[in-house]
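Asker: Please work out how this folds:
(chains A, B, C and D)
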2 protein chains.
Amino acid sequence: MDDDFDPIAEAKANWDKRWPEHSTYMAAATSIMRAQQLILKAADDSLKPYGLTFARYEALMLLSFTKKGELPLSKLGQRLMIHPTSVTNIIDKLTSDGLVERISHPTDRRTTLARITDLGTKLAQEATKAIHDVDFGIGHLKENQNLELIKLINAVRGLSK
Amino acid sequence: MDDDFDPIAEAKANWDKRWPEHSTYMAAATSIMRAQQLILKAADDSLKPYGLTFARYEALMLLSFTKKGELPLSKLGQRLMIHPTSVTNIIDKLTSDGLVERISHPTDRRTTLARITDLGTKLAQEATKAIHDVDFGIGHLKENQNLELIKLINAVRGLSK
DNA sequence: TGCAAATAGTAGGAAGTCCGACTATCTTAT
DNA sequence: ATAAGATAGTCGGACTTCCTACTATTTGCA
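Answerer: Residues are numbered from 1 along each chain as shown, chains lettered A, B, ... in the order given. Got it, this is the predicted structure:
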């Protein structure tokens, strides 16, 4: 059994035989899917001791960067590029863990603000150390590889110009 | 309101202020996470008319590439790089849709084979046309961008050498 | 031979994601 | 002024993923 057999290379070979003009799209798309799994797992593992997931960590950090430590849920969703229902889900959990609290917006009664608590701030700091220790699961990359990757994914995201 | 405001660039700027030595890791990791969501959505949307998801489409294609149209579930899991329980889940659904059937391995009574049905084969062909129409959600990339992306993600996956 | 370890698959449960539907509130255009 | 449309958030449901067991079988070593 091949131990460093690469399933993506195998799939690409199958595509090349049948639909060569689509094979690199398939391989690039599949590569991103697999890489995401690896990164998410590394990040989640490093955050587990703090009771956080990567999704919740990102939300917490976003709040910690604001002047007042608060943000409307809708804005949170935009920044994290997730569905409104996912925001509700994430904030529900952060709230029940005492890391965030829901407060009402002073002038717009539709909107709810999430505000980070002192406990949330402290936990975010510790969690950041942990996730930096593994550099988001890609600590083995070089600086210019990171930059190149960001640039290419900007193209994927349609920001290339 | 900025309309082509980029949340990842914003996050990177926040990191640069505080932890500049980790900022490109954060940005690269986050980029991959977001790109995966976009690609998965594009793929799933194109497959929806056929009642398939990307995960199930991949499994179906893998079976269709084999000589006999069958593969042990464990091997399927290795190729798709997913957890054994996810394989069970995917094959359950494909089976109940009549696209695949479970048969027992002739010599090893522990293993179950998944075998693609005629219906499954036909559906896989049609679904492939649909997903090729959108080129896995990244049809706007150029060939060399695909190749560069694959290469960089091989590094992420630790295959660089 | 025979027992421990590895392998294959599944059940149950926790998380996360999305979608559709729905209420409440604000904005805008007539 | 008011009716139509946009925006904010939540609920319920569907789906996928993983993890922790757990059973059944096979392999391998002693």
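Asker: Excluding residues flanking it in the chain, which one is nearest residue A:29?
Answerer: Excluding the flanking residues, the one nearest residue A:29 by Cβ to Cβ, 6 or more residues apart in numbering or on different chains is residue B:136, at 3.6 Å. All C-beta atoms are positioned from the backbone trio N, CA, C, and that covers glycine.
Asker: so what's the one you found up against?
Answerer: Taking Cβ atoms under 8 Å, 6 or more residues apart in numbering or on different chains, we find residue B:136 in contact with A:25, A:26, A:28, A:29, A:30, B:39, B:42, B:43.
Asker: any low-confidence regions in chain A?
Answerer: A:1-4, A:160-161 (pLDDT under 70).
Asker: longest single helix anywhere in it?
Answerer: Looking across chain A with DSSP state H, the single longest helix is helix A:23-47.
Asker: That one vs helix B:23-47, what angle?
Answerer: Angle, helix A:23-47 to helix B:23-47, by axes from the mean of the first three to the mean of the last three Cα atoms, to 10 degrees: 130 degrees.
Asker: re the thing from before, could you measure from the residue nearest to residue A:29 over to DNA strand D?
Answerer: Per Cβ to the nearest atom of the strand, to the nearest Å, residue B:136 is found 15 Å from DNA strand D.
Asker: what about that residue, which SS state?
Answerer: Classification of residue B:136 using DSSP: H, G, I helix; E, B strand; the rest coil returns helix.
Asker: and the residue in chain A positioned nearest to DNA strand D, what does it touch?
Answerer: Going by Cβ to the nearest atom of the strand, DNA strand D is nearest to residue A:74 of chain A, at 2.8 Å. For residue A:74, the contact set (Cβ under 8 Å, 6+ apart) comprises A:84, A:87, A:111.
Asker: Report the buried residues of the helix or strand containing it.
Answerer: Using DSSP states H and E, residue A:74 sits within helix A:73-80. Across helix A:73-80, burial judged by 16 or more other Cβ atoms under 10 Å in any protein chain shown covers A:73, A:75, A:76, A:77, A:78, A:79, A:80.
Asker: go on, stretch A:106-125?
Answerer: Within stretch A:106-125, the residues scored as buried using 16+ other Cβ under 10 Å are A:112, A:113, A:114, A:116, A:117, A:120, A:123, A:124.
Asker: for stretch A:77-91, same thing?
Answerer: A:77, A:78, A:79, A:80, A:82, A:87, A:90, A:91.
Asker: Please see if the longest helix of chain A touches DNA strand C.
Answerer: No: applying Cβ under 7 Å from any atom of the strand, one finds helix A:23-47 out of contact with DNA strand C, separated by at least 8.3 Å.
Asker: Measure how buried the closest residue in space to residue A:79 that isn't next to it in sequence is and give me the count.
Answerer: Counting by Cβ to Cβ, 6+ apart, the nearest residue to residue A:79 once its immediate chain neighbours are dropped is residue B:7, at 4.6 Å. The number of residues packed near residue B:7 is 14, by other Cβ atoms under 10 Å in any protein chain shown.
Asker: Kindly report the residues of chain A close to DNA strand D.
Answerer: Proximity of chain A to DNA strand D (Cβ under 7 Å from any atom of the strand) is limited to residues A:37, A:41, A:72-75, A:77, A:84-85, A:87-88, A:91-92, A:102, A:105, A:108, A:110-113.
Asker: at 6 Å what do you get?
Answerer: A:37, A:72, A:73, A:74, A:84, A:85, A:88, A:110, A:111, A:112 (Cβ under 6 Å from any atom of the strand).
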